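Trainee: Quick one, structure for this:
(chains A and B)
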Amino acid sequence: MTPLQIDLIKEKYHLNDPLYSQYYYWLDSLFHGNLGWSKEAHMFVTDAIAQKFPATFELAMISTIMAVLFGIFLGTKSAVKANSVTDQLSRTMSLVGVSIPVFWLGLILVWVFFAQLHWLPQFGPYNLTNVDLALRYETMNHYTGFLLIDTLLNGDLEFFYDHLLHLILPAITLAFASTAILIRMMRSSMLEVLSSEYVKAARAKGLPENVVIKRHARRNAMIPTTTVIGLTFGGLLGGAVLTETVFQWNGIGQWSAKAAVGVDTPAIMGFTLITALIYVLANLVVDVVYAYLDPRVRLG
Amino acid sequence: MKADMSGKPAEDNASDSKLSGVSTLDSNAGVIKKLKARIKKSRLWLALLPRLKEVKFDAYLMSKSVTSIVGILLLLFLIVIAVFPSAFAVPSDPTHPEMMPWNPLLYEPRPPGVDGFPLGSGLAGADIYYGIIWGASISMAFAIEVVGISVIIGTLLGLIAGYKGGVLDEIVMRVTDVFLSIPSLVLIMAIAAVLGRNLESTKLALIMVWWAGYTRIIRGQVLSIRENTYIDAAKAAGSSESWIMLRHILPNSWGPVVVQATMDMGTVVLVMAGLSYLGLGAEPGTAEWGQMIYAGQDRFITGSWWMVFFPGMAILIFVLAFNLIGDGLRDVLDPKMRR
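Mentor: Numbers count the residues shown, from 1 in each chain, chains lettered A, B, ... in the order given. Below is the predicted model of the structure:
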């Protein structure tokens, strides 16, 4: 390219202007719906986000559901049977869960379940080398963008099963840290609730123990836990970066990692914006749900 | 040293003056006695003594929990390795010991125990054992610097914002909120992408994101401590604002910060390893655990498991040690569990 062309491009994209005016131009184009061109994704940033976000959301959703089910169940069990074997095991698991590097856990899981046992697949949302599946992916009707739901809606059970198998390892990897945090949260709030007055009253009434736990104690212990659930969902979008890179899952996380390494500035601005937006929304939802669950917050 | 506050300074001085003229054997004992008496009378000792008692009590409480002791032992082990890496693994290059050894003659990875590599080797003779040892040193230094600087910045900002209140408080809190509302990994990735791929820029990127957490913690503490009567008393006595902040408010508010900083030492290393794994952190060839996993992941599935297993295990142990101690500290500093 001639120096003149380079100078013209610099002028056109405001690359000579100071940073704050470049930022202003970016904001301006943002409000017109244009976030720039991502060289890593070979498409506009807005298109890249629209295309890649459902995959990440699906993964985050499944992981959150797993983490919530396991975390609350194990946390309650731990608190009710304090210092038992279950308690010691889940506390150890929870300590390991917050200390383990996410990507290493993913690699180890792949090594055990793919390389050694050949039970589960290694890469991608579905078997990318299978031409038949790739064709079906192109031709099927993408109602929601979530592969799990779409395959069911299209009646393609084989694809659904394949996708499910591919989901298991990334979901476990992503859910591990959140489960650990939820176990601790649930355990400590359950312990607090179990020594409270109304639980004593419920027991004095003569209610069977499991009813006391399920209907009285657990509900109240869930309140701070709900906050944590919402926040971990938002935070999963950060952890998803590492998990998606390990499992080559084409979602926002993998795209953002490639963008950061390749210094793809519009993409970096784009994914920072979208992640921050989701995190703030998650916090908002958590605040509203918290007010709904705990009347004291509404009235006090 | 017994906390003998009811000591008899006057009599000690008297007996010392009696001893001063006698034989040299006794005079040595006399000097030490005089020194001890002097120290115990001094203002510094009077101020420090309650704190030392607290520390002793905290240590006693911590020693009661097995997990804390395990954590402390692990940490001591790690500190020894981190401070004296050359005692465990001979430096590859005297001026740049943090780079992995490079021997193109030994290109293929060796399994543990072969060719003199205790934990195996990566590509081109990259000794895994060497990487673990020197990686501990690098990670420890990295974590201390990042957490230390973030704590200092965060605490100062939190103190000033919480104490002065008003517009300054609002501005600082909004800026803190902005930094806290973006998932940290994403923000750090964005900053590190711009700053370049080396250890120093990653350090800077992490500090730029990490200070916000401490500011929020300290500010919360300051807001409640500020209302105490002794602060009013100090103001009435004419103490300057910075004296009140440093001498009265800060020592009462650093409990949660200490707990958080301890856990953050581990988290920082996790984030650093994650960044290196993505391709953003340390330069290729550095003895850094995340970098070793990045270099080893291609060969991992096909058989060379040692390149990924040992660095990850090292990270796990490092973070586990700090988490155990942090948990123990949190239980110790929790007002409900004391006395």
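
Trainee: For stretch B:189-200, what is the spacing between the initial and final residues?
Mentor: End-to-end distance for stretch B:189-200, by C-alpha to C-alpha, to the nearest Å: 14 Å.

Trainee: what's the burial count for the closest residue to chain B within the stretch 51-200 of chain A?
Mentor: As assessed by C-beta to the nearest C-beta, chain B sits closest to A:Trp104 within the stretch 51-200 of chain A, at 3.4 Å. Every C-beta, even on glycine, is put in place using the N, C-alpha and C of the backbone. A count of nearby residues for A:Trp104, using other C-beta atoms under 10 Å in any protein chain shown, gives 27.

Trainee: give me the element it is part of.
Mentor: Assigned by DSSP states H and E, A:Trp104 belongs to helix A:102-110.

Trainee: Run the chain-centre distance for that helix.
Mentor: Remark: helix A:102-110 is offset 16 Å from the chain centroid, using C-alpha atoms, centre = their mean, to the nearest Å.

Trainee: For the very next helix or strand once past that helix, which outside residues touch it?
Mentor: Per DSSP H and E, helix A:102-110 leads on to helix A:131-139 as the next helix or strand towards the C-terminus. Residues outside helix A:131-139 that contact it (C-beta atoms under 8 Å, 6 or more residues apart in numbering or on different chains) are A:126-128, A:156, A:159, A:162.

Trainee: Same check on stretch B:310-319?
Mentor: With C-beta under 8 Å, 6+ apart, stretch B:310-319 has contacts from A:96, A:98-101, A:104, A:107-108, B:74, B:78, B:119-120, B:128, B:131-132, B:135-136, B:139, B:266-267, B:269-270, B:273, B:289-290, B:292-293, B:296.

Trainee: Out of those residues, which sit inside helices?
Mentor: Those of the contacts of stretch B:310-319 mapping onto helices are A:96, A:98-99, A:104, A:107-108, B:74, B:78, B:128, B:131-132, B:135-136, B:139, B:266-267, B:269-270, B:273, B:289-290, B:292-293, B:296, per DSSP state H.

Trainee: any idea how far the residue of the stretch 51-200 of chain A closest to chain B is from B:Met272?
Mentor: A:Trp104 sits 13 Å away from B:Met272 when distances are taken as C-beta to C-beta, to the nearest Å.

Trainee: okay, now B:Leu199: neighbour count?
Mentor: Neighbour tally, B:Leu199, other C-beta under 10 Å: 19.

Trainee: got a list of what it touches?
Mentor: B:Leu199 touches B:138, B:142, B:281-283, B:286, B:288, counting by C-beta under 8 Å, 6+ apart.

Trainee: Serialize these to JSON lines and add fields for pLDDT.
Mentor: As requested, the contacts of B:Leu199 are exported to JSON lines (pLDDT from 0 to 100):
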{"residue": "B:Ile138", "pLDDT": "91"}
{"residue": "B:Phe142", "pLDDT": "93"}
{"residue": "B:Gly281", "pLDDT": "81"}
{"residue": "B:Ala282", "pLDDT": "82"}
{"residue": "B:Glu283", "pLDDT": "82"}
{"residue": "B:Thr286", "pLDDT": "85"}
{"residue": "B:Glu288", "pLDDT": "89"}
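
Trainee: Can you select the buried ones from the residues you listed in PyMOL?
Mentor: Buried residues within the contacts of B:Leu199, by 16 or more other C-beta atoms under 10 Å in any protein chain shown, are selected in PyMOL with:
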select buried, chain B and resi 138+142+281+282+286+288
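
Trainee: Sketch out the low-pLDDT regions of chain B for me.
Mentor: Applying pLDDT under 70 to chain B flags residues B:1-28, B:335-339.

Trainee: Show me which residues of it are close to chain A?
Mentor: Selection of chain B residues close to chain A by C-beta under 8 Å from any C-beta of the partner chain yields B:67, B:181-187, B:189-190, B:192-194, B:266, B:270, B:273-274, B:277-280, B:290, B:293, B:297, B:300-302, B:305, B:308-309, B:311-312, B:315-316, B:319-320, B:323-324, B:327.

Trainee: In helices, which of those residues appear?
Mentor: Counted as lying in helices by DSSP H, out of the residues of chain B next to chain A, are B:67, B:184-187, B:189-190, B:192-194, B:266, B:270, B:273-274, B:277-278, B:290, B:293, B:297, B:300, B:308-309, B:311-312, B:315-316, B:319-320, B:323-324, B:327.

Trainee: Narrow those to those that are buried.
Mentor: The neighbour count (16+ other C-beta under 10 Å) marks B:67, B:184-187, B:189-190, B:192-193, B:266, B:270, B:273-274, B:277-278, B:290, B:293, B:297, B:300, B:308-309, B:311-312, B:315-316, B:319-320, B:323-324, B:327 as buried among these.
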